[in-house]
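Asker: Would you be able to build a 3D model of this:
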Amino acid sequence: MADNNYDSLQDGSSHSTDRYVEAEIDKIDMEKDSESPIGPDEEQTGSVRSGLVGAFFGLGVCLSFVAATQFTQSTYSPSFNGPFFNMWFSTSWMMACYPLYVVITVLVFPERRKRGIRNIYDEDQRVYGERGLTLLTAIKVTGPFLVLWMLTNYVFVRALGITSATVVTTLFVTNTVVVYVLSWILLTEVVAQIPSKVLSVILSMTGTVLVSYSEGFEAGNRIVGAIILPLLAATGSAIYKVVFKRVIGDASLGQVSLFLSVLGFLDLVSLWPVLLALYYTGEESWDVIPWGFLCGSSALIVVFNFLVNFGIAITFPLLISLGHVLGIPANAVVDVTFRGTTFSTLKLIGGALIVVGFTFMVLPASYQEKMAFGCFRRKAEHQNLDSKEEREEGLEEREEELELKQSEIDGNADVSV
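Answerer: Sure, this is the predicted structure:
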């Protein structure tokens with residue numbers, strides 16, 4: 001392209017040609033400047049800031065997860081046994097997710113505030129397709145997920161009425177292993193088949209067997225509720241995540257918040273017949289409703305979901321995932337301190353194996369590759385580096401060629417004079 005432009009200008013004035021070559025050289029310099037890496041100080045400052053923000057969100061995820069779990073377990077009493085009521089009531093609070101997102105977006109992000117709330121909503125409702133959010137699309141898209149949500153959270157809450165929060169949360173985090181397996185089977189994207197992930201699956205399965213054996217030995221015939229229900233909740237959570245990824249795709253924070261608000265609304269208006277049926281058949285009893293614990297757990301669940309989704313969007317996902325891991329020992333401390341729970345050696349070993357397996361599973365692929373193969377650079381980074389070097393070499397060659405033509409033009413100008 002540069003040669004053709006140069007040939008077309010040869011018949012014109014030498015001043016026009018000079019300006020053209022100088023402009024081309026300036027353009028090359030600008031391209032080089034635009035590709036120059038960020039300074040080490042600026043990069044380090046940004047990493048530290050992002051790390052601190054991620055640590056704050058990870059701690060918030062941990063505390064809200066532990067508090068919500070403990071509050072939910074505290075709702076059980078001789079005068080109240082309502083896991084479905086608990087699930088229905090807390091899920092209805094999810095309607096607050098999108099209004100909360102809009103308020104924080106307007107207050108924190110000035111560039112989005114300038115676009116207006118209407119434009120923000122128009123962009124977020126694309127999660128429901130070209131028609132946007134209507135009653136039909138809400139039922140069609142969100143309805144199936146509400147069923148998965150209902151079943152998963154119901155068995156999770158019911159398990160908390162049978163065994164300790166530590167056992168339930170320990171077994172529940174095995175959903176990452178199920179997500180890995182289901183993603184490999186159902187999703188079209190390729191899932192890394194590296195030894196660290198295989199090791200994670202083995203550790204999690206071994207830990208689950210140990211915890212199950214210990215819990216079954218201690219609980220006798222309660223093993224169905226103490227072990228099977230948490231594992232069913234983990235499986236349901238994994239199915240929800242994988243199906244959401246397959247159907248919805250990579251949704252933005254606003255789209256996820258809108259989706260959760262619609263899910264909460266559908267829960268409120270559609271599941272109350274099931275609620276009444278369970279009450280009048282005697283499956284649940286609500287003689288004295290513990291509104292304090294119910295409202296506390298519901299609010300904390302909203303905070304937990306918002307911190308998870310917002311934290312993943314603006315900081316390191318690893319730190320958010322580690323918030324789940326820290327929730328297991330934190331729940332154990334609460335159970336031992338305030339509920340007088342004791343844990344056998346087998347249960348402690350099994351829980352530790354599950355935590356280590358979970359940690360391996362959520363580590364970034366680069367760290368997993370280092371652990372598995374001893375590589376300190378990912379293949380993709382090598383490819384990007386090679387591509388950048390080739391581009392810089394091409395720019396240098398182009399600059400030398402233009403300088404040579406500039407010299408020829410200067411020589412021709414001298415001859416003409």
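Asker: Give me the pLDDT for residue 237.
Answerer: pLDDT recorded at residue 237 is 88.
Asker: Now the helix or strand that it is a member of: buried residues?
Answerer: Taking DSSP states H and E as the definition, residue 237 sits inside helix 229-247. Within helix 229-247, the residues scored as buried using 16 or more other CB atoms under 10 Å are 229-243, 245. Yep, even glycine has a C-beta here, placed from its N, CA and C like the rest.
Asker: tell me which of these is nearest to residue 156?
Answerer: residue 233 (3.9 Å; CB to CB).
Asker: Might you report the residue contacts of residue 95?
Answerer: Contacts of residue 95 were listed using CB atoms under 8 Å, 6 or more residues apart in numbering, and they are 261, 264-265, 268.
Asker: so which of those residues would you say is closest to residue 204?
Answerer: The nearest member of the contacts of residue 95 to residue 204, counting by CB to CB, is residue 264 at 31.0 Å.
Asker: Would you confirm that that closest one contacts residue 94?
Answerer: Yes. Between residue 264 and residue 94 a contact is recorded at 3.2 Å, counting by CB atoms under 8 Å.
Asker: pLDDT below threshold where in this structure?
Answerer: 1-51, 186-197, 215-224, 312-319, 361-417 (pLDDT under 70).
Asker: Strands along the stretch 251-400 of the chain, start to end?
Answerer: Using DSSP state E, counting those that start in this stretch, the strands of the stretch 251-400 of the chain run over residues 285-286.
Asker: quick one, helices of it?
Answerer: Assigned by DSSP state H, counting those that start in this stretch, the stretch 251-400 of the chain shows helices spanning 253-270, 272-280, 291-314, 317-338, 345-362, 365-373, 379-416.
Asker: The helix holding residue 237 to helix 253-270, inter-axis angle?
Answerer: 120 degrees (axes from the mean of the first three to the mean of the last three CA atoms, to 10 degrees).
Asker: For residue 127, the count of nearby residues, please.
Answerer: Other residues near residue 127 number 22, with proximity taken as other CB atoms under 10 Å.
Asker: contacting residues for the spatially closest residue to residue 248 that is not a sequence neighbour?
Answerer: Nearest residue to residue 248, sequence neighbours excluded (CB to CB, 6 or more residues apart in numbering): residue 127, at 6.2 Å. The contact partners of residue 127, by CB under 8 Å, 6+ apart, come to 141, 248, 251, 255-256, 258-259.
Asker: Turn those into JSON lines, including neighbour count and distance to residue 283.
Answerer: Formatted as JSON lines, these follow (neighbours: other CB atoms under 10 Å; distance: CB to CB, whole Å):
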{"residue": "141", "neighbour count": "18", "distance to residue 283": "30"}
{"residue": "248", "neighbour count": "15", "distance to residue 283": "33"}
{"residue": "251", "neighbour count": "17", "distance to residue 283": "35"}
{"residue": "255", "neighbour count": "21", "distance to residue 283": "36"}
{"residue": "256", "neighbour count": "24", "distance to residue 283": "33"}
{"residue": "258", "neighbour count": "26", "distance to residue 283": "33"}
{"residue": "259", "neighbour count": "25", "distance to residue 283": "30"}
